[in-house]
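Engineer: Build me a model from this:
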Amino acid sequence: MVTPRAKEKSVTLTAQVDSRLTEVTADPLRLRQILLNLLSNAIKYNEPGGTAIIQIRPDDEQQFRITVRDTGRGIAPEHMKHLFEPYYQAAIADQGIGTGLGLAIIKHLTELHGGSISVESVVETGTMFTIRLPRTADAFDSNHDTIIDETVRPGDAVFNYDMMSV
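Structural biologist: Below you'll find the predicted structure:
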């Protein structure tokens, strides 16, 4: 799904999945949705010749980390606090594309999994989103309604379902 977009835009797409992270408990459909939205944004707001890198690795014994970094246009500091609000379109207001729902959905799905999301960005340099998720269901916050139902291999969420070809 994202590989053709990356090729069309001449963006180099790289995936790095740490082999020590063999299984996590997650909803595979929602995990793919998170990854697809982040990668799509990393390509959409990039420049021809730019790069988008996804890394999935252990964070500690109880969490794993997904990082998506790009060399795109970056996000101005005044927009950072609103990024995860529904319909907010800081990065694309001048392009008239998108609905402004992608990051709000990513945040919601991440929180349903008992995780967190953060962002760092420098204008004209790029953006990095970091998602931290629990490795197992017992690590979930009981205040969240969980949608977790199976054990998955994180690398499969990246490489299967035609998201990327490696």
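Engineer: C-alpha only now, for contacts and for neighbours.
Structural biologist: Fine.
Engineer: ok, now which ones touch the spatially most central residue of the chain?
Structural biologist: In the chain, the centroid-proximal residue (C-alpha atoms, centre = their mean) is Leu38; its distance is 3.5 Å. Going by C-alpha atoms under 8 Å, 6 or more residues apart in numbering, Leu38 touches 68, 103, 106, 129.
Engineer: if we go to 7 Å?
Structural biologist: When contacts are counted by C-alpha atoms under 7 Å, 6 or more residues apart in numbering, Leu38 is found next to Val68.
Engineer: Would you list the phi and psi of it?
Structural biologist: Leu38 adopts backbone torsions of phi -60, psi -50, taken as degrees, to the nearest 10.
Engineer: what about it, distance to Gln62?
Structural biologist: The gap separating Leu38 from Gln62 is 23 Å, by C-alpha to C-alpha, to the nearest Å.
Engineer: Over to Gln16?
Structural biologist: 20 Å.
Engineer: got it, and Gly115?
Structural biologist: Counting by C-alpha to C-alpha - Gly115 and Gln62 are separated by 11 Å.
Engineer: In terms of neighbours, single out the busier of those two.
Structural biologist: The residue with more neighbours, out of Gly115 and Gln62, is Gly115; 21 against 16, by other C-alpha atoms under 10 Å.
Engineer: And the pLDDT at that one?
Structural biologist: The score at Gly115 is 94. That number is its pLDDT.
Engineer: Would you check that it makes contact with Thr130?
Structural biologist: No: Gly115 is beyond contact range of Thr130, at 10.5 Å (criterion: C-alpha atoms under 7 Å).
Engineer: ok so Arg57 is a strand residue?
Structural biologist: Yes: under DSSP: H, G, I helix; E, B strand; the rest coil, Arg57 sits within a strand.
Engineer: residues in contact with it?
Structural biologist: Neighbouring residues of Arg57 by C-alpha under 7 Å, 6+ apart: 17-18, 21, 64-66.
Engineer: Now, of these, which are buried?
Structural biologist: Taking 16 or more other C-alpha atoms under 10 Å as the criterion, what is buried in the contacts of Arg57 is 17, 21, 64-66.
Engineer: Please identify which of those residues is nearest to Phe84.
Structural biologist: Within these, the smallest distance to Phe84 is 17.2 Å, found for Ile66 (C-alpha to C-alpha).
Engineer: and the closest one, helix, strand or coil?
Structural biologist: Going by three-state DSSP: Ile66 is strand.
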